[in-house]
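A.B. asks: okay, here's the prediction I keep looking at, along with the sequence it came from:
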Amino acid sequence: MLFKSEQALSEFANSLGIFLSSGEILPLCIELVGDVGAGKTTFTRYLAKGLGIKTPVTSPSFTISKHYFFSPNRHEQSADEKCDKRPNTTSIHKNTNLELIHYDFYRLDDPGLMADNLAESLSNSNAITILEWADSVAEILPDNHPKISFKILPDGSRNLVFNRPMHALVDNLKGAK
């Protein structure tokens, strides 16, 4: 699927986030593949926006993972806002909120304990897990998980190639509109 601008890519990712925000398709693991600067974190940022996440989404390249919380009802106050209004509160009630977990294994040839952390995230029935540079953890990823390959074209546009499970997800998104 060709995206001629960041705006077009952002609109697609935002729409996907809105579609997933109900939490009905969880748990979900989406792998993002592509060179540095191909648009993987940008895609995740706009997916998060569609989920209703207000916290700025940044690359987890140095922290390896970042967690963001959202409500299955986008019209309710987000979990991040609830936490921000209560001093010294950093956790939320998982039974009332959903989670976007964003991993970037770029710097890790051997994920070590982070593989255990990822396995726990993948089993979280309230989570969407986004993975960048997941080669080192491929053996623990769910079979037939959605995957998007990003390629930057000479004119700066992005070509996204979807595997079969991602195609099915996109088809469901189109059917929901």
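C.D. replies: Okay, I see it.

A.B. asks: use CA for all of it now, contacts and neighbours both
C.D. replies: Will do.

A.B. asks: just want the most central residue of the protein.
C.D. replies: In the chain, the residue lying closest to the centroid (CA atoms, centre = their mean) is residue 130, at 3.7 Å.

A.B. asks: I'd say that one and residue 33 touch.
C.D. replies: No - checked against CA atoms under 8 Å, the pair residue 130 and residue 33 is beyond contact range at 10.7 Å.

A.B. asks: which residues does residue 129 bridge with?
C.D. replies: When bridges are called by DSSP bridges, residue 129 pairs up with residue 29, residue 101.

A.B. asks: just checking, residue 42 touches residue 12?
C.D. replies: No - using CA under 8 Å as the test, residue 42 is too far from residue 12 to be in contact (11.4 Å).

A.B. asks: where does the chain have its least confident helix or strand?
C.D. replies: One helix or strand of the chain scores below all others by mean pLDDT, DSSP states H and E: helix 79-84, with a mean of 45.

A.B. asks: residues contacting the spatially closest residue to residue 60 that is not a sequence neighbour?
C.D. replies: Excluding its sequence neighbours, the residue lying closest to residue 60 (CA to CA, 6 or more residues apart in numbering) is residue 104, at 5.6 Å. Contact analysis of residue 104 by CA atoms under 8 Å, 6 or more residues apart in numbering lists 59, 60, 61, 64, 65, 131, 132, 133, 134.

A.B. asks: for this protein, longest helix please?
C.D. replies: helix 6-20 (DSSP state H).

A.B. asks: from the chain's centroid, how far away is that helix?
C.D. replies: Distance of helix 6-20 from the chain centroid (CA atoms, centre = their mean, to the nearest Å) equals 11 Å.

A.B. asks: quick one: contacts of it?
C.D. replies: Outside helix 6-20, the residues that reach it (CA under 8 Å, 6+ apart) are 3, 42-44, 46-52, 157-158, 170, 173, 176.

A.B. asks: nearest to residue 150, out of those residues: which one, please.
C.D. replies: Residue 150 lies nearest to residue 158 out of those, by CA to CA, at 6.6 Å.
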